[in-house]
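I would like to see how this sequence folds:
(one chain, ligands or ions: 1)
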Amino acid sequence: MRYHTFLIKYGEIGIKGKNRYLFEDALVRQVRFALKDVDGQFEVYKSQARIYVDCEGDYDYEDTIEHLKRVFGIVGICPVVRMEDAGFEQLKKDIVAYMDEAYPDKRLTFKVEARRARKSYPLTSMEINCALGEAILDAFPETKVDVHHPDVMLNVEVRNEIYVYSRIIKGAGGMPVGTNGKAMLLLSGGIDSPVAGYMISKRGVGIEATYFHAPPYTSERAKQKVVDLARIVSRYAGPIKLHVVNFTDIQLYIYDQCPHEELTIIMRRYMMRIAEYFAKKDGCLGLITGESIGQVASQTMQSLAATNDVCTMPVYRPVIGFDKQEIVNIAERIGTYETSIQPFEDCCTIFVAKHPVTKPNVEVIRRSEEHLSEKIDELMKTALETAEMIEVK
Ligand SMILES: Nc1ncnc2c1ncn2[C@@H]1O[C@H](COP(=O)(O)OP(=O)(O)OP(=O)(O)O)[C@@H](O)[C@H]1O
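Down below sits the predicted model:
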């Protein structure tokens, strides 16, 4: 079957009243972004409270569906056959041919659901339903009509052409990215933070990211891995501005000055401060991390409280209640897992204590930081000034 158009069904965003057009525009934008690398020519547009993707000429059907399935805000993708309006007798023949090709096994129930976007069409919707239903029953006597729970809901939309569709492919759900502000993801090369970014962007939030590396302790390849991860997340979240911060001198200084069992917590606090700086500068409204309670020493309730202590904006931790396997399952589904498990060093794993504190006291940590002289401010300033910015899309 050759499909000429996709009708995009959207759920939650339909209920947003006067803001509806903002949501639809964001969805159109995201659909265009998702299809930019697909073979084929696509026209994406809104018409009468619906979004359509017209496919001109040859295109890769499977790949198109695959990309559309990543767009948040879409609940269903309906592949449409467009039929020329060459009179009702011809339409009956075309509909019978459609049913024949789409459903080789005719032991099915169906219902015809006509909708007239062009009100001047000579038949009413009800008349179209009855006449097309009859034509199908005549052509395939094994079929039956069931108006309540049909196997096949045959939608016939009368526009300039006749749009026919009966399949709905499940979409990603959520809200279109760009409809709920922007947040800053602390993106490491691990499994959890890409999943965290994916989950927040599913709610319509645009993503920026900050990655901390520690050359020469961490390699160029480790950095490339994070760029690769950002690129995979951007398939869902749209373009991502990635800040790459050289963290080496800050880490070495903390290593030199602070009790080693507190290293990870203090480092994490500096990461949050830096990420928050970029977040504020770029109008992000929150930070995102891939932390999950109890996963490691730096993610106990006490450690999370100590990390949070330096943040003035909300910190979103969407995988906080997930077990590792649950996070891995999502990572596999969204395609980040294989990249995340590549064995490259992370700056946090280079300077770790043998026995990190698992229940840090915030007051104690604050006091340890007081031992750091103004040199830490200079190092922070340099880190901010020398950060590299990569547009990932
Ligand atoms: N080098 C880094 N750059 C940016 N963010 C980082 C870095 N290291 C850790 N983070 C942030 O801190 C969170 C906790 O890091 P940690 O190393 O304890 O976790 P993890 O459970 O292995 O997470 P992940 O799998 O995301 O690395 C990460 O999810 C991430 O948001």
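
the ligand contacts on the stretch 251-393 of the chain?
For the stretch 251-393 of the chain, the contact set with the ligand under CB under 6 Å from any ligand atom comprises 271, 289-291, 295-296, 298-299, 346-348. No exception for glycine: its C-beta is placed from N, CA and C like everyone else's.

let's see it at 8 Å
Selection of the stretch 251-393 of the chain residues close to the ligand by CB under 8 Å from any ligand atom yields 264, 268, 271, 275, 288-292, 295-296, 298-299, 327, 340, 346-349.

among those residues, which are in strands?
Ile288 (DSSP state E).

please work out which residue of the protein is closest to the ligand.
Ranking the residues of the chain by distance to the ligand (CB to the nearest ligand atom) places Gly190 first, at 2.2 Å.

these two touch, right, that residue and Ser340?
Yes: contact criterion CB atoms under 8 Å: Gly190 and Ser340 qualify, at 6.0 Å.

which of the two has more neighbours?
Higher neighbour count among Gly190 and Ser340: Ser340, with 23 against 19, using other CB atoms under 10 Å.

now do the contacts for Glu326.
By CB atoms under 8 Å, 6 or more residues apart in numbering, Glu326 lies in contact with Val319.

confidence score at it?
pLDDT recorded at Glu326 is 98.

repeat that for Glu12.
Glu12 is assigned 63 on the pLDDT scale.

pLDDT weak spots in the stretch 1-150 of the chain?
Applying pLDDT under 70 to the stretch 1-150 of the chain picks out residues 12-16.

hmm, back to that, so what's the residue of the chain closest to the ligand up against?
Contacts here follow CB under 8 Å, 6+ apart; on that basis Gly190 touches 290, 340, 346.

swap the cut-off to 6 Å and go again
By CB atoms under 6 Å, 6 or more residues apart in numbering, the contact set of Gly190 is Ser340.

could you pull out the strands for the stretch 251-393 of the chain?
Counting by DSSP state E, counting those that start in this stretch, the stretch 251-393 of the chain has strands at residues 287-288, 315-316, 388-392.

swap in the stretch 101-250 of the chain?
All strands of the stretch 101-250 of the chain, identified by DSSP E, counting those that start in this stretch, fall at 109-116, 144-145, 152-158, 162-165, 169-170, 182-186, 206-213, 240-246.

kindly export the third one (C-alpha atoms) in CSV.
Coordinates of each C-alpha in strand 152-158 appear next as CSV, following Å, rounded to 0.1, in the frame of the first residue of the first chain:
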residue,chain,number,x,y,z
VAL,A,152,-11.4,-1.8,11.4
MET,A,153,-12.5,1.8,11.7
LEU,A,154,-12.4,3.1,8.2
ASN,A,155,-12.1,6.8,8.3
VAL,A,156,-13.1,8.7,5.1
GLU,A,157,-12.3,12.4,5.2
VAL,A,158,-13.7,14.5,2.4
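
ok, and what's touching that strand?
108, 110-116, 118, 121, 163-166.

now for those residues: which two are most distant?
Leu108 and Arg118 (29.1 Å; CB to CB).

the two: which is more packed in?
Neighbour count, other CB under 10 Å: between Leu108 and Arg118, Leu108 has more, with 15 against 12.

nearest spatial neighbour of the more buried one, chain-adjacent residues omitted?
Excluding its sequence neighbours, the residue lying closest to Leu108 (CB to CB, 6 or more residues apart in numbering) is Asp151, at 4.3 Å.

now do Tyr337
Leaving aside its chain neighbours, Tyr337 sits nearest to Ala331 (3.9 Å; criterion: CB to CB, 6+ apart).

that older thread, redo the strands of the stretch 101-250 of the chain as JSON lines? Include distance to Asp138 and mean neighbour count.
Below are those laid out as JSON lines (distance: least, CB to CB, whole Å; neighbours: other CB atoms under 10 Å):
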{"stretch": "strand 109-116", "distance to Asp138": "13", "mean neighbour count": "18"}
{"stretch": "strand 144-145", "distance to Asp138": "12", "mean neighbour count": "14"}
{"stretch": "strand 152-158", "distance to Asp138": "15", "mean neighbour count": "19"}
{"stretch": "strand 162-165", "distance to Asp138": "18", "mean neighbour count": "23"}
{"stretch": "strand 169-170", "distance to Asp138": "30", "mean neighbour count": "12"}
{"stretch": "strand 182-186", "distance to Asp138": "57", "mean neighbour count": "26"}
{"stretch": "strand 206-213", "distance to Asp138": "53", "mean neighbour count": "26"}
{"stretch": "strand 240-246", "distance to Asp138": "56", "mean neighbour count": "22"}
